[in-house]
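Chemist: Model the structure of this input:
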Amino acid sequence: MTITAPAPHSTQQSDLTVTNLTRIFTAPDGTETRALVDASFTAKPGEFLSIIGPSGCGKSTLFNAVAGLDQPTSGDISINGSPIVGQQGHVGYLLQKDLLLPWRSVLGNVTIGLEVSGVSKKRANEIALPMLQAYGLGEFVNHRPDQLSGGMRQRAALLRTILFNRDVILLDEPFGKLDAQTRATMQEWLLDLWDDFQKTVVFVTHDIDEAIYLSDRIIVMSPRPGRIIAELPVDLDRPRKPAVVTSARFIDLKTEILDLLATGQN
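Modeler: Prediction:
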């Protein structure tokens, strides 16, 4: 299934490059906390890249810097070679909490990005409705968020992020609060969405199986101060099937990641 959603911005694939990114927080008494130190990586155009690490290792700090919500202490961030440090609006960003507006319908929520970009409400609806139909929300276009299951809410939030139409998308544990069965369904749904739109995705998760199953490559981070200690290619065939989790290569990758997380070093 291939859906092309017309939108006011380019849909070409882009790379994201983070170079020597450091973030040090200073308390009023002068105490410093090093959250992130010298983080460097590139997410290639159209790649699905996951970041995994212990709680408090700086993953969200990294995302906030890339999204322009926080100013790093030092380092560079660029998309296709153009600096974006301290600038908002260059990436799509989805948090674990879906942040759907309770007073708007599903259709009204997923079109917010288009409306903010200057697209008329009528045109935004024309763009969004086929996507809602194609990706399992056609029966819920007029529902309010509190009438949806957790999985349906995340579908709406992800489609809203896609319709914001940025080439690079940050997903911060979007399935972290879902039950196991819903989470598995959403993983398959996300892979279909990614395959159709070929966005560059950077995905944070604490779930090693999820990271391996979804990704082309995995970045492993150390405990705070967060450093990148390994980058592992996920050399499993696509399209992925659930049975791949029992394969020898999948198990080897999982063991390697567990060892890295246990030692905190490569």
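Chemist: how far away is Tyr93 from Leu171?
Modeler: Distance from Tyr93 to Leu171, counting by Cβ to Cβ, to the nearest Å: 8 Å. Where you see a C-beta, it was placed from the backbone N, CA and C, and this is true even at glycine.
Chemist: neighbour count winner among those two?
Modeler: Using other Cβ atoms under 10 Å as the criterion, Tyr93 and Leu171 rank with Leu171 on top: 26 against 22.
Chemist: In three-state terms, label that one for me.
Modeler: Using DSSP: H, G, I helix; E, B strand; the rest coil, the structure places Leu171 in strand.
Chemist: Then Ala39?
Modeler: For Ala39, the assignment made with three-state DSSP gives strand.
Chemist: quick one on the thing from earlier: find the residues that touch each one of Tyr93 and Leu171.
Modeler: Thr161 (Cβ atoms under 8 Å, 6 or more residues apart in numbering).
Chemist: what comes into contact with stretch 134-141?
Modeler: With Cβ under 8 Å, 6+ apart as the test, stretch 134-141 has contacts from 1, 3, 105-107, 110, 129, 132, 147-148, 152, 155-156, 159, 189, 192-193.
Chemist: Quick check: end-to-end length of it?
Modeler: 12 Å (Cα to Cα, to the nearest Å).
Chemist: ditto for stretch 78-87
Modeler: 10 Å.
Chemist: circling back to that earlier point, buried among the contacts of stretch 134-141? Make that a PyMOL selection.
Modeler: Listed next is the PyMOL selection for buried residues among the contacts of stretch 134-141, using 16 or more other Cβ atoms under 10 Å:
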select buried, resi 105+106+107+110+129+132+148+152+155+156+159+189+192+193
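Chemist: Inside helices: which ones of the contacts of stretch 134-141?
Modeler: Counting by DSSP state H, those place Val106, Leu107, Val110, Leu129, Leu132, Met152, Arg155, Ala156, Leu159, Trp189, Asp192, Leu193 in helices.
Chemist: which two from those end up farthest apart in space?
Modeler: Leu107 and Asp192 (20.6 Å; Cβ to Cβ).
Chemist: Of all residues in this protein, which one is nearest the centre?
Modeler: Leu171 (1.8 Å; Cα atoms, centre = their mean).
Chemist: Please determine how far it is located from Leu214.
Modeler: Taking Cβ to Cβ, one finds Leu171 at 10 Å from Leu214.
Chemist: Which neighbours do the two have in common?
Modeler: Phe203.
Chemist: one step back: redo the ones in helices among the contacts of stretch 134-141 as a markdown table? Include pLDDT and distance to Asp237.
Modeler: Output for the ones in helices among the contacts of stretch 134-141, formatted as a markdown table (pLDDT from 0 to 100; distance: Cβ to Cβ, whole Å):
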| residue | pLDDT | distance to Asp237 |
| --- | --- | --- |
| Val106 | 93 | 35 |
| Leu107 | 94 | 37 |
| Val110 | 93 | 32 |
| Leu129 | 92 | 34 |
| Leu132 | 91 | 31 |
| Met152 | 90 | 30 |
| Arg155 | 90 | 26 |
| Ala156 | 92 | 31 |
| Leu159 | 91 | 27 |
| Trp189 | 90 | 20 |
| Asp192 | 89 | 17 |
| Leu193 | 89 | 20 |
